[in-house]
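Student: give the three-dimensional model of this entry:
(4 chains)
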2 protein chains.
Amino acid sequence: MIARCEVDYAGRLTAHLGMATRLLMVKADGCVAVHADGGAYKPLNWMVAPNVLREEVVDGRLARWVVTSPKGETLTIAIEEVLSDTAHELGVDPGLVKDGVEAHLQELLAADPARIEAGMILVRREHPTDIGPVDLLCRDGGGGAVAIEIKRRGDIDGVEQLARYLERLVRDPHLRDVRGVLVAQRVKPQARVLAEARGIAWLEVDYDELRGLASADLRLF
Amino acid sequence: MIARCEVDYAGRLTAHLGMATRLLMVKADGCVAVHADGGAYKPLNWMVAPNVLREEVVDGRLARWVVTSPKGETLTIAIEEVLSDTAHELGVDPGLVKDGVEAHLQELLAADPARIEAGMILVRREHPTDIGPVDLLCRDGGGGAVAIEIKRRGDIDGVEQLARYLERLVRDPHLRDVRGVLVAQRVKPQARVLAEARGIAWLEVDYDELRGLASADLRLF
DNA sequence: TATTACATGTCGACC
DNA sequence: GGTCGACGTGTAATA
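Tutor: Have a look, this model is predicted:
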């Protein structure tokens, strides 16, 4: 529906939209989105499913939508004028098939840990700890254990995550001297500072280059 | 536009959507979104502005949209059948007014730090450290330094963030005895446990009450 | 432009 | 229900 409307949201915060022409989208699951003619895919206001949409009609004309969620949020859309109103059954969507990057990065590095550091050998992928699995557990040239966390973007969170794993791993007598390496396509400055403060190494890798090497390897054999 | 289509994205990852009926939205700024009839406000696929949309017509019928971004991403929409196609000028939106975000919480608490603890006085907002700014730096009734991290939701991350800041701040001779307080509208149980383990205090505040007090103050003067 | 932190983040997986 | 981790995160502000 295209309509001139005014919108108010009250819930986790309060928000107000002045009167203007906007696109109102209601999906089959009941979720509502208010879009302006710009600003990427995020709507100005929305309400996720499940919710209850109440339509208020005044003098035979649609005047207001009041959408309430079980969590106590309300989205109120005061409608001044409806410029267009269409409805379509879309049916069930076959769904999205993704081929992600982090998983692929991990595969490539697991296949050739020497890319991280010369002499590095893979011990185990997704090595479990009691707070979650470490991406890669390796041994370096000198036989020392190395825990590796792989991210597309190396952020401060990734450093903390790896630090938490290391804290657990050192309790294992076989891994007493384990050290950590954060590997990412890009390691942010703040993450570098924190990693160094925590005694964690970091490394930037080029995804295309890794993939190139991998396919070159494939061509060799 | 409502159309039966098949979608492929290649860029930061690759993704494929099988043939189905979907809603295609093109905004004035050129951004494109492919929506299914469910799944909240997030589109299945999209392309942000700026981009170039090329329309391919075969036998006088729309056959394909190819959207390319300057960053080398492409979104390809193969269109089998157009069920509906409408266009509207929405004009400029007056914009969204929000209230209740972290910035407001920080403003209110900065204006009256005694709400956190009796006798508390503000020293500085956004006090910088080399890993980021502390929301509020205060002095308590006894003259001791207090670093305050403000969050809408007090999560484990917030505790660690504050702990990192404290780690840095204690190096400053003026702040040797600095302590930390995590202030949030709601502090999660795990965050409470971790905060206490780290010697960090936590406090839940009510936004409406804070705002109420603030406006009461305004009325007084 | 790059860096940072916030977001009504959303979303899935797992417990 | 809560927590955790990933996201094509997006987005705005700031340096």
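Student: who are the packing partners of the helix or strand where residue A:202 lies?
Tutor: Per DSSP states H and E, residue A:202 falls inside strand A:201-204. Using 3 or more C-beta pairs under 8 Å, 6 or more residues apart in numbering or on different chains; DSSP states H and E as the contact test, the elements touching strand A:201-204 are strand A:179-187, helix A:189-197. In this view, the C-beta of every residue, glycine as well, is placed from N, C-alpha and C.
Student: so which of these is the most surrounded?
Tutor: The highest average neighbour count among the helices and strands packed on strand A:201-204, using mean count of other C-beta atoms under 10 Å in any protein chain shown, belongs to strand A:179-187 at a mean of 21.
Student: what does that strand contact?
Tutor: For strand A:179-187, the surrounding residues in contact (C-beta atoms under 8 Å, 6 or more residues apart in numbering or on different chains) are A:101, A:105, A:109, A:116-117, A:144-154, A:158-159, A:162-163, A:165-166, A:191, A:195, A:198-207.
Student: show the buried residues in those residues.
Tutor: A:105, A:109, A:116-117, A:145-152, A:154, A:158-159, A:162-163, A:165-166, A:191, A:195, A:200, A:202, A:205 (16 or more other C-beta atoms under 10 Å in any protein chain shown).
Student: so which of those are also by DNA strand D?
Tutor: A:151-152, A:158 (C-beta under 7 Å from any atom of the strand).
Student: which stretches of chain A have low pLDDT?
Tutor: Applying pLDDT under 70 to chain A flags residues A:213-221.
Student: just to revisit the earlier point, the strand holding residue A:202 vs DNA strand C: in contact?
Tutor: No. Counting by C-beta under 7 Å from any atom of the strand, DNA strand C has no neighbours in strand A:201-204; the shortest distance is 11.4 Å.
Student: quick one: residue A:164 and residue A:131 touch, right?
Tutor: Yes. The pair residue A:164 / residue A:131 is scored as a contact, 6.0 Å apart, by C-beta atoms under 8 Å.
Student: tell me which of those two has more neighbours.
Tutor: Remark: of residue A:164 and residue A:131, residue A:164 carries more neighbours, 14 against 11, as counted by other C-beta atoms under 10 Å in any protein chain shown.
Student: which of the three states applies to that one?
Tutor: The local conformation at residue A:164, judged by DSSP: H, G, I helix; E, B strand; the rest coil, is helix.
Student: same check, this time on residue A:89
Tutor: Assigned with three-state DSSP, residue A:89 falls in the coil class.
Student: returning to that earlier point: inside helices: which ones of the ones next to DNA strand D among the buried ones among the contacts of strand A:179-187?
Tutor: When DSSP state H is applied, those are split such that residue A:158 fall in helices.
Student: let me know the closest of the ones next to DNA strand D among the buried ones among the contacts of strand A:179-187 to residue B:35.
Tutor: residue A:152 (25.8 Å; C-beta to C-beta).
Student: residues contacting that closest one?
Tutor: Residue A:152 touches A:101-102, A:105, A:184-185, counting by C-beta under 8 Å, 6+ apart.
Student: rerun at 6 Å
Tutor: A:101-102, A:185 (C-beta atoms under 6 Å, 6 or more residues apart in numbering or on different chains).
Student: do the same with residue A:15
Tutor: With C-beta under 6 Å, 6+ apart, residue A:15 has these contacts: A:9, B:96, B:98.
Student: reformat those residues as TSV; add secondary structure, neighbour count and distance to residue A:59.
Tutor: Below are the contacts of residue A:15 laid out as TSV (DSSP: H, G, I helix; E, B strand; the rest coil; neighbours: other C-beta atoms under 10 Å in any protein chain shown; distance: C-beta to C-beta, whole Å):
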residue	secondary structure	neighbour count	distance to residue A:59
A:9	strand	23	26
B:96	strand	16	30
B:98	strand	12	33
